[in-house]
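Q: Compute the structure for the input listed below.
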Amino acid sequence: QVQLVESGGGLVQAGGSLRLSCAASGRTFSMYTMAWFRQAPGKEREFVAGISWGGGSTYYGDSVKGRFGISRDNAKNTVYLQMNSLKPEDTAVYYCAQDGNVGGVVQTSRNQYAYWGRGTQVTVSS
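A: So this is what the prediction gives:
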């Protein structure tokens, strides 16, 4: 059974930083592309960042490019999202997601991702 558990969310002032973590279990972590999505109240869930199974390719949503960084540690079965220069509009629940297919490329569509965590709240105050 696949489990994804996010941590690291919280309240931060605008301009600050947070690092989210997602611990995965249940499948061979290193074989699957991982991604972060977020959902603000009343809005669609949107792609934030993705990283290929080996870590060699990363992709970011336009709204976070240059501010956020995604990385993974396959030895620890964990994916990270480093968030810098946070803005109030980054406030959302952040979800970790795992590709349903082995060795897939990073895609921004939610449909690619078969497994999801429960999310962690990030609130950025102005």
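Q: C-alpha from now on. contacts and neighbour counts both.
A: OK.
Q: Could you find the closest non-adjacent residue to residue 95?
A: The spatial neighbour of residue 95 that comes closest, neighbours along the chain excluded (CA to CA, 6 or more residues apart in numbering), is residue 119 at 4.4 Å.
Q: Show the contacting residues for that neighbour.
A: 5-6, 93-96 (CA atoms under 8 Å, 6 or more residues apart in numbering).
Q: Please apply the same query to residue 16.
A: Under the criterion of CA under 8 Å, 6+ apart, the contact list for residue 16 reads 84-86.
Q: could you redo the last one with a cut-off of 10 Å?
A: Shown here is residue 16, whose contacts under the criterion CA atoms under 10 Å, 6 or more residues apart in numbering are 83-87, 124-125.
Q: Now, the residues you listed that are in strands?
A: Secondary structure assignment by DSSP state E places 83, 124-125 of these in strands.
Q: Which ChimeraX command selects the buried ones in those residues?
A: Per 16 or more other CA atoms under 10 Å, the buried members of the ones in strands among the contacts of residue 16 correspond to this ChimeraX selection:
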select :83,124,125
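Q: So, low pLDDT: which residues of the chain?
A: Using pLDDT under 70 as the threshold, the predicted model of the chain has no low-confidence range.
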